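Q: here is the input, now give the coordinates:
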Amino acid sequence: MPILRRAALAAALATTALGMPAPAPAQAQAQAPACTHNVGMVVSLTGPAGRFGQAAAKSVELAFNELNAAAGAQGIAGCRLGFDLRDAQSQGSVAVDQARQLVDLRRVPAIIGGIISSVSIPIVTSVTGPAGVVQVSPASSSPTLTRMATEGQTRGWFFRTITSDALQGTAAARYAMDQGLRKLAIIHVNNDFGVNMVAEFRRAYVALGGEIVSTTPYNQGQASYAPEVTNALRSDPPALYLVSYPGDGTTIARTWIQQGGPATFLLNDGMNSADFIRDVGPRFLNNAFGTSSGTVTTPSTEYFARAYPAMSGGFGAGAPAADRAFDAAAILGLAIAKAGSFEAPAIRDAIRAVTAPGGTEIHAGPEGFARALAELRAGRAIRYVGVIGAVEFDGNGDITGPFRKWRIQNGEITTVGQMTVEEVQAVQRQLPSR
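A: Sure thing, here's the model as predicted:
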C-alpha cells in the first residue's frame with residue numbers, strides 16, 4: 001500500500017478513537033457535555049473503494065466537530081456527537097457483520113454508509129431495514145435502492161445524499177455523444193452499481209445514436225485484467241467506457257494502454273480521483289471525460305473548500321464522497337438536534353424536516369451551525385443548504401440534483417460544465433419505454 005494511502009487510512013482510524021471525532025481543544029472540551037451520542041459509520045476503508053471511505057470518515061469528523069463546538073455545553077439532544085467507525089472492506093458480507101454489531105451491541109439508532117451500493121444494499125435489507133435504524137449513504141447510487149424503497153424493502157429508513165444512476169447513466173450518455181464518442185467498448189465492475197449504471201447508460205446511449213461494440217464485466221480484486229481487456233479490444237473500439245473504482249480501474253486502464261487500446265476514455269464518478277490519474281499516468285488521460293453528481297455552489301461549499309483540506313490528512317475538497325459525506329453527517333446531526341432525542345423514529349422524521357423548504361436557510365460552518373441550533377431550540381424550522389446545495393428527500397429517500405461534466409487535462413480534473421436535472425429528464429422523455 002503506498003505511503004500516502006497508509007497515512008490517510010491511519011489518520012481516518014486514529015482520529016476516531018472509540019468511534020468519536022478527534023478531541024476538541026481544551027477550552028471546548030471543558031464546555032462539552034459528559035455524554036456522547038454515537039452513531040454508526042460503516043464505510044470501506046480498505047479494498048477497491050477504500051479511498052472513498054477514508055475521505056468520507058474525515059468529512060464526518062469535521063461535521064461532528066463543528067456541530068459539537070456550536071452546541072457547547074447544551075450538546076446535541078443533550079450530548080456530544082460521535083461516531084463508531086467500521087471498515088466494510090468493500091465487501092457486503094463484512095459490512096453486514098459490522099452493521100449488526102453496531103445495531104445489536106452498540107444500539108446505534110443511525111448508520112452513515114455504505115459507500116458502494118453492493119455494501120449499502122445488504123446493510124439495509126439485513127440490518128437497518130428490519131431493525132428500524134436510520135441509514136444515510138453518501139455515495140451509493142444504484143437504482144436498485146429506489147426500486148427497493150418503492151417495494152417497501154427499505155421500510156422508509158434509507159436516505160442518500162447522491163443522485164441515482166438512473167439519472168447519471170443518462171447524463172453520461174448525453175455527454176459522451178456531445179464529445180463525439182459515438183462508438184465505444186464497455187468494461188464494468190460486476191456488481192449492482194456497475195450493472196445498473198451500464199444498463200441506464202446503454203438505454204440512453206443507443207437511443208441517442210451511439211454504438212456499443214462490446215460489454216465486458218469484471219470481478220473485483222483480480223491480480224490481472226488482461227483477459228477482460230483483450231476481449232474488449234477484439235472489436236477495435238475507438239474509446240472505452242470504464243465503470244470502476246480507482247483501485248481496479250487503475251489496473252484496467254494501464255492494461256488497456258499497454259495492449260494498445262486508444263487513450264480515449266469515458267469514466268464514471270468514482271474515477272474522479274487524483275490517485276487514478278497519478279497511477280495511470282497523466283499523459284495517457286488527456287482525452288478522458290467523465291460525469292459526477294454535481295453541486296450548486298453555496299456558502300457551505302466555500303466553507304468546505306477551506307476547512308476540509310486543512311484537516312483531512314491529504315484529501316482535497318473534491319475527493320469522491322467527501323462533500324456528500326459531510327452533508328450526510330450535517331443533516332443527521334441537525335436531525336438529532338431537531339428530534340431532541342437519540343431515537344431512530346424521531347431522527348428519521350427530522351431528516352426531512354431539516355432539509356424541507358420554508359425554514360430559515362442554514363449553511364455549514366461554526367456560525368451556520370450555531371444559528372441552526374439556536375433556531376431549533378427556539379422551535380423554529382430550518383433548511384440546511386449544504387456543500388452540494390439544497391437537497392430534499394423524496395418518499396424513497398432519494399434526492400435530485402445537477403450533474404458535473406468534467407475532463408482530465410495535464411493531470412488535472414477540470415469541470416467543463418453542468419447538466420441540469422431538467423436537461424437529463426428531457427433526454428429520458430425521448431427514450432423508448434422499458
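Q: please count neighbours and contacts with C-alpha atoms only from this point.
A: Noted.
Q: run through the residues that contact residue 328.
A: When the contact criterion is CA atoms under 8 Å, 6 or more residues apart in numbering, the partners of residue 328 are 60, 112, 136, 137, 138, 160, 161.
Q: my bad, residue 400
A: If a contact means CA under 8 Å, 6+ apart, then residue 400 has 162, 163, 164, 391, 392, 421 as its contacts.
Q: which ones among the contacts of residue 328 lie within helices?
A: When these are checked against helices using DSSP state H, the ones located there are residue 60.
Q: tell me the two of the contacts of residue 328 that are most distant?
A: Of all pairs drawn from those, the widest gap by CA to CA lies between 60 and 160 and measures 14.6 Å.
Q: contacts for stretch 76-86, please.
A: Outside stretch 76-86, the residues within contact range by CA under 8 Å, 6+ apart are 13, 16, 18-21, 32-43, 57, 64-65, 67-68, 75, 98, 102, 333, 336-337, 339-342.
Q: which ones among the residues you listed map onto helices?
A: When DSSP H is applied, the contacts of stretch 76-86 are split such that 13, 57, 64, 65, 67, 68, 98, 333, 336, 337, 339 fall in helices.
Q: let me know the closest of the residues you listed to residue 242.
A: Sorting those by distance to residue 242 puts residue 57 at the head of the list, at 26.3 Å, by CA to CA.
Q: quick one: contacts for the nearest residue to residue 350 once chain neighbours are set aside?
A: Spatial nearest neighbour of residue 350, chain neighbours left out: residue 335 (4.8 Å); criterion: CA to CA, 6 or more residues apart in numbering. Neighbouring residues of residue 335 by CA under 8 Å, 6+ apart: 347, 348, 350, 351, 353, 354.
Q: pull the helix or strand encompassing the first one out as CSV, backbone CA atoms only.
A: Under the criterion of DSSP states H and E, residue 347 resides in helix 344-353. Listed next in CSV are the C-alpha coordinates belonging to helix 344-353 (Å, rounded to 0.1, in the frame of the first residue of the first chain):
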residue,chain,number,x,y,z
ALA,A,344,-34.4,6.3,15.4
PRO,A,345,-38.1,7.1,14.5
ALA,A,346,-37.7,10.8,15.7
ILE,A,347,-34.4,11.1,13.8
ARG,A,348,-35.9,9.6,10.6
ASP,A,349,-38.8,12.1,10.6
ALA,A,350,-36.5,15.0,11.4
ILE,A,351,-34.2,14.3,8.4
ARG,A,352,-36.9,15.6,6.0
ALA,A,353,-37.8,18.4,8.4
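Q: so for that helix, mean pLDDT?
A: For helix 344-353, mean pLDDT rounds to 98.
Q: tell me the strands beside the following helix or strand past that helix, with direction?
A: Tracing the chain past helix 344-353, the next element assigned as helix or strand by DSSP H and E is strand 360-362. Applying DSSP bridges, strand 360-362 is found paired with strand 382-386 (parallel).
Q: partners of the following helix or strand past the strand it pairs with, with directions?
A: Using DSSP H and E, the helix or strand that directly follows strand 382-386 along the chain is strand 389-390. Taking DSSP bridges as the criterion, strand 389-390 sits next to strand 382-386 (antiparallel) in its sheet.
Q: just give me how far the strand it pairs with sits from the chain centre.
A: In terms of CA atoms, centre = their mean, to the nearest Å, the gap separating the centre of strand 382-386 from the centre of its chain is 19 Å.
Q: let's see that strand as CSV, backbone CA atoms only.
A: Written as CSV, here are the backbone C-alpha positions of strand 382-386 (Å, rounded to 0.1, in the frame of the first residue of the first chain):
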residue,chain,number,x,y,z
ILE,A,382,-34.6,25.4,9.4
ARG,A,383,-33.5,24.3,6.0
TYR,A,384,-29.9,23.1,5.7
VAL,A,385,-28.3,24.1,2.4
GLY,A,386,-25.2,22.1,2.2
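Q: buried residues of that strand, list them for me.
A: Buried positions in strand 382-386, judged by neighbour count with 16 or more other CA atoms under 10 Å: 382, 383, 384, 385, 386.
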